[in-house]
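S.K.: missing the sequence, but the structure's below:
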Ligand SMILES: Nc1ncnc2c1ncn2[C@@H]1O[C@H](COP(=O)(O)OP(=O)(O)OP(=O)(O)O)[C@@H](O)[C@H]1O
Ligand SMILES: [Mg+2]
């Protein structure tokens, strides 16, 4: 099986990239896939969502700058198949240097090459905006998931985000495929949100059938520092959304790569 | 439309881009020469930008405050310095390497390929770099070597074959046979879109460095 590298992107901030990529990662791991989520956002970060001190974890930064071995910076979770590669500890005054580093070196690609040996699914959470980090991540991803919040402003930025993807395909990575568009924070009580949701579902190609409602469950989960499916009590539909999404994404990927395991298969032959 | 309909800026553009970028439509952008409706900043431009940043200075190892760790760990907690930014050398005449490993790393970067490898005259892989297919490269290496040997015979008098570009339905494989007495073949899997223009540079640099590679 080939490792799939899936990045979650959006030009607009706060659309739910981190929430979605993390909960999706949990679902993939629960399905038995060896999964790692990489946090490339210099400002936000998975660390915050999981209620960890922002500076508790080493991560990508240490690997890139100090050449700390990956196994020392990868965080294993209590979920058997899920690991996290945190951003790492970085002074906020170094953000732009970090961006350039990711953009201009092969560091990220080297990290992925190493991770591909151990993981079947690599999920990359990106910062908002389509700057150097997101373009560097797209340059090394197989698939992109565009996260679109069901509100008018995020629609305005959809075309911008997609044109960056297009540019990456043209200039840096012609293997990149837009896997789909995930609509988040759909507020069924709010007519504008509903209207945006129905417009995009009816017009934009590639929308996932699974959509994420605006729900206090996500806020509660992020207060407790757990993925939404870890909350106690009855399993709510919010908790199940991401396992539906995982199924949908897996089936799109197998449609694209073909069931036999994909494009990289060559029969073993001997020459002499 | 009812009164709650939002104004959908750019929805048409988003629709057409989404169509192109999902798997079914992707062939269209890679193949199209259609002029973009905006100024295109190609990858060459970005390289210039990187050059400009190359010598920038970054804040140094300021120890972090408010981190609750034991004293002996404090040292490793310093923010790593970002001063040593690697950047691609622009002046190809100075590029040098003394091992296949370094050579492949450089080639992979310049070609923008997902993986690169080198095979000796017997068809054995003697080095590789990048994201190697899990099935390995041995079969591919041997077949490429054999195919190039066959293709060399296509037309007498044309000299030794140097570059082959194999475009399959699902991936592209490019091979470069070093036109020297001691034959090696470099293979590139899924090179970047602009790889064509990098052929000369790769040929020159690799041939120049060949004597230094053991
Ligand atoms: N479906 C949802 N319903 C309600 N709140 C949500 C939902 N998804 C995310 N949130 C909340 O919205 C906020 C932003 O979400 P998140 O951090 O996932 O977005 P993001 O796109 O990663 O943001 P950034 O651009 O800053 O990285 C968080 O406080 C999160 O808890
Ligand atoms: Mg985020």
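M.R.: Done, it's in. Since this is a predicted model, take the numbers as computed values, not measurements. Residues are numbered from 1 along each chain as shown, chains lettered A, B, ... in the order given. Ligands and ions are numbered 1, 2, ... in the order given.

S.K.: hmm, the helix or strand encompassing residue B:16 in reach of chain A?
M.R.: Per DSSP states H and E: residue B:16 is located in helix B:11-21. Yes: for helix B:11-21, a contact with chain A is found by Cβ under 8 Å from any Cβ of the partner chain, at B:11, B:13-15, B:17-21. Using the backbone N, CA and C atoms, a C-beta is placed for each residue, glycine as well.

S.K.: for residue B:147, what are its contacts?
M.R.: Going by Cβ atoms under 8 Å, 6 or more residues apart in numbering or on different chains, residue B:147 touches residue B:164.

S.K.: Shouldn't it be within a helix?
M.R.: Yes: under DSSP: H, G, I helix; E, B strand; the rest coil, residue B:147 sits within a helix.

S.K.: Now do the same for it: its pLDDT.
M.R.: pLDDT recorded at residue B:147 is 87.

S.K.: For ligand 2, see how far away it is.
M.R.: 47 Å (Cβ to the ion, to the nearest Å).

S.K.: how about low-confidence regions in chain B?
M.R.: Along chain B, segments meeting pLDDT under 70 span B:1-10, B:24-90, B:214.

S.K.: Pull out the buried residues from the helix holding residue B:16.
M.R.: Residues of helix B:11-21 classed as buried by neighbour count (16 or more other Cβ atoms under 10 Å in any protein chain shown): B:11, B:14-15, B:17-21.

S.K.: So which other helices or strands are in contact with that helix?
M.R.: Judged by 3 or more Cβ pairs under 8 Å, 6 or more residues apart in numbering or on different chains; DSSP states H and E, the packing partners of helix B:11-21 are helix A:152-171, strand A:177-184, helix A:191-203, helix B:26-31.

S.K.: Quick one: name the residues of chain A near ligand 1.
M.R.: A:10, A:13-19, A:41, A:44, A:127-128, A:184-185, A:212, A:214-215, A:218-219, A:222 (Cβ under 6 Å from any ligand atom).

S.K.: Break down the chain into its strands, ranges please.
M.R.: Since you didn't name a chain, this refers to chain A. Taking DSSP state E as the test, the strands found in chain A are A:4-9, A:35-39, A:75-76, A:82-85, A:121-125, A:143-149, A:177-184.

S.K.: wait, I meant chain B there
M.R.: Under DSSP E, chain B gives strands at B:115-119, B:125-130, B:163-167, B:172-177, B:185-189.

S.K.: Quick one: closest of those to residue B:142.
M.R.: strand B:115-119 (7.8 Å; Cβ to Cβ).

S.K.: Does the closest one reach chain A?
M.R.: No: on the criterion Cβ under 8 Å from any Cβ, strand B:115-119 is out of touch with chain A, staying 8.6 Å away.

S.K.: Counting by contacts, list what that strand packs against.
M.R.: Against strand B:115-119 (3+ Cβ pairs under 8 Å, 6+ apart) you get helix B:100-111, strand B:125-130, helix B:138-151, strand B:185-189.

S.K.: I'd guessed residue A:124 sits against residue A:17; true?
M.R.: No: counting by Cβ atoms under 8 Å, residue A:17 is not a contact partner of residue A:124; they are 9.9 Å apart.

S.K.: got the angle for the helix holding residue B:16 vs helix A:152-171?
M.R.: Interaxial angle of helix B:11-21 relative to helix A:152-171 (axes from the mean of the first three to the mean of the last three Cα atoms, to 10 degrees): 40 degrees.
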